[in-house]
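# Here is my input; please provide its structure:
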Amino acid sequence: VAAPCRGDAATMNNSPNLWAKLESAALVEGEMPATQIDATPWYVRAMIGIGGWLAALFLIASIGAGLAFVMRSAAAAIASGAVICAVAALLLWIKREQAFLAQFALALAIAGQGLLAWGIAERVHVSLAPAFLTFAALELALVVVIAHPVHRVWSAFLCVVAIAAALFDWGVSPLMPGIVAIAFAAIVLNEARLARYAAVVQPATAGIALALVVITAVLAYGVPDLLSSVRESKGAANVGAALGAIALIGSTVALLRRHGIAASRIGWAGIAGIVALAAAAWRVPGLAAAITLMLVAFGAGRPALTG
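From the prediction side, this is the model:
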């Protein structure tokens, strides 16, 4: 066993060999992700990060005071937001290792998204759903473009929430937990195949999980009717429950197959128990989807997502 003081160095030196063994066992694919150890104390990084946010807030406030017309024009808001997001993406691409500039760019990116959301909402007057879907597509692009893990979590969260808002506008919001649970399970259970994209996939799935928790809580406990024209249909509720059941049962079967016990007595007993649980959760909005989230996160070795 390596000495404690040499743990990091030993891990770094053995990483290529470990990756080769995992690749030969068909557990990972592609090139090994880059690893980097930051020796800066956490409290120093925290203070630098706070300084970056303060600098960005003062810059945004000064720009807003001098360019008030931006908030009065949808086109100007969209253009300004796109420029700010582009600057943030460039800063994170060039100087992502510097804590101050990284946090400064993160604050800029979030402010740019706010301007984009405002401009899109003002631009679309017919229905809210197209504005929500446009914003969701934008956030999906930002998940890939802006290379910062916190921003990727935030953008993935906003993307899913925007799609849920569009479904809410159409009166079929009970579909959303099942759809999100299926997407989450499909991505997380195939993380080994997506290892080369781990820098994008892992924070994105964290954002999806967070959005699923929020959406499930909203459906379970209810919120004031923000859109008076929405009337949830019983058909949408049943389809949503079916999607949640599919996510839960399918994830269980996939995990049992991964461990080679799907056809055993234990496997069949587990599937029977999950089917009974899905049936019991049929009338509770989002419950099967929430159980899927915890089951998949735990089975994939990501306990942080289980709460």
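# check contacts around the closest residue to Ala254 other than its chain neighbours.
Among residues not flanking Ala254 along the chain, Leu189 sits closest, at 5.4 Å (C-beta to C-beta, 6 or more residues apart in numbering). (C-beta placed from N, C-alpha, C; glycine too.) With contact set as C-beta atoms under 8 Å, 6 or more residues apart in numbering, Leu189 has these partners: Ser251, Ala254, Leu255, Arg258, Val296, Gly299, Ala300.
# List buried residues within these.
The neighbour-count test (16 or more other C-beta atoms under 10 Å) marks Ser251, Ala254, Leu255, Val296, Gly299, Ala300 as buried among the contacts of Leu189.
# Looking at the residues you listed, which gets the smallest pLDDT?
Lowest pLDDT within those is found at Ala300 (83).
# Over to the residue nearest to that residue when sequence neighbours are not counted: give its phi and psi.
The shortest distance from Ala300 to any non-neighbouring residue, by C-beta to C-beta, 6+ apart, is to Val188 (4.9 Å). Main-chain dihedrals, Val188, degrees, to the nearest 10: phi -70, psi -40.
# picking up where we left off before, among the buried ones among the contacts of Leu189, pick out the one closest to Pro149, please.
Proximity of the buried ones among the contacts of Leu189 to Pro149 (C-beta to C-beta) peaks at Ala300, which lies at 17.8 Å.
# OK, contacts around the closest one?
Each residue near Ala300 by C-beta under 8 Å, 6+ apart is listed here: Val188, Leu189, Glu191.
# So which residues of the stretch 151-300 of the chain form helices?
Using DSSP state H, counting those that start in this stretch, the helices of the stretch 151-300 of the chain run over residues 176-188, 198-221, 234-258, 265-280, 287-299.
# residues in contact with the fourth one?
By C-beta under 8 Å, 6+ apart, the residues outside helix 265-280 that reach it are Gly244, Ala245, Leu248, Ile249, Thr252, Val253, Leu256, Ile261, Ala262, Ala288, Ile291.
# Now do that helix and helix 234-258, the angle between them.
170 degrees (axes from the mean of the first three to the mean of the last three C-alpha atoms, to 10 degrees).
# count of neighbours near the residue nearest to Ala300?
Val188 has 23 neighbouring residues, counting by other C-beta atoms under 10 Å.
# again, but for the one 3 residues further on
Other residues within reach of Glu191, judged by other C-beta under 10 Å, total 17.
# Surely it and Tyr197 touch.
No: under the criterion of C-beta atoms under 8 Å, Glu191 makes no contact with Tyr197, lying 9.2 Å away.
# coming back round to it: state the pair within the contacts of helix 265-280 that is farthest apart.
Among those, Gly244 and Ile261 lie farthest apart (C-beta to C-beta), at 24.0 Å.
# higher neighbour count, the two?
Neighbours per residue (other C-beta under 10 Å) separate Gly244 from Ile261, with Gly244 holding more: 31 against 14.
# Distance of the more buried one relative to Pro174?
Distance of Gly244 to Pro174, given as C-beta to C-beta, to the nearest Å: 9 Å.
# show me where pLDDT drops low in the stretch 101-250 of the chain?
For the stretch 101-250 of the chain, the stretches flagged by pLDDT under 70 are 125-126, 222-234.
# now with 80?
101-104, 121-127, 219-234 (pLDDT under 80).
# so Gly301, which of the three states?
What DSSP: H, G, I helix; E, B strand; the rest coil gives for Gly301 is coil.
# Could you count how many residues lie near it?
Using other C-beta under 10 Å, Gly301 is surrounded by 8 other residues.
# switch to numbering from 213
Sure, I'll start numbering at 213, so the last one becomes Gly513.
# which ones are touching it?
Neighbour list for Gly513: empty [criterion: C-beta under 8 Å, 6+ apart].
# next one: phi and psi at it?
Main-chain dihedrals, Gly513, degrees, to the nearest 10: phi 80, psi 30.
# what's the distance between it and Lys233?
Taking C-beta to C-beta, one finds Gly513 at 17 Å from Lys233.
# One more: Ile290?
Distance from Ile290 to Lys233, counting by C-beta to C-beta: 49 Å.
# And those two? Which one has more around it.
Ile290 (20 against 12).
# Could you grab the helix/strand/coil label for the more buried one?
helix.
# What subset of the contacts of helix 477-492 is buried?
Buried by 16+ other C-beta under 10 Å: Gly456, Ala457, Leu460, Ile461, Thr464, Leu468, Ala474, Ala500, Ile503, out of those.
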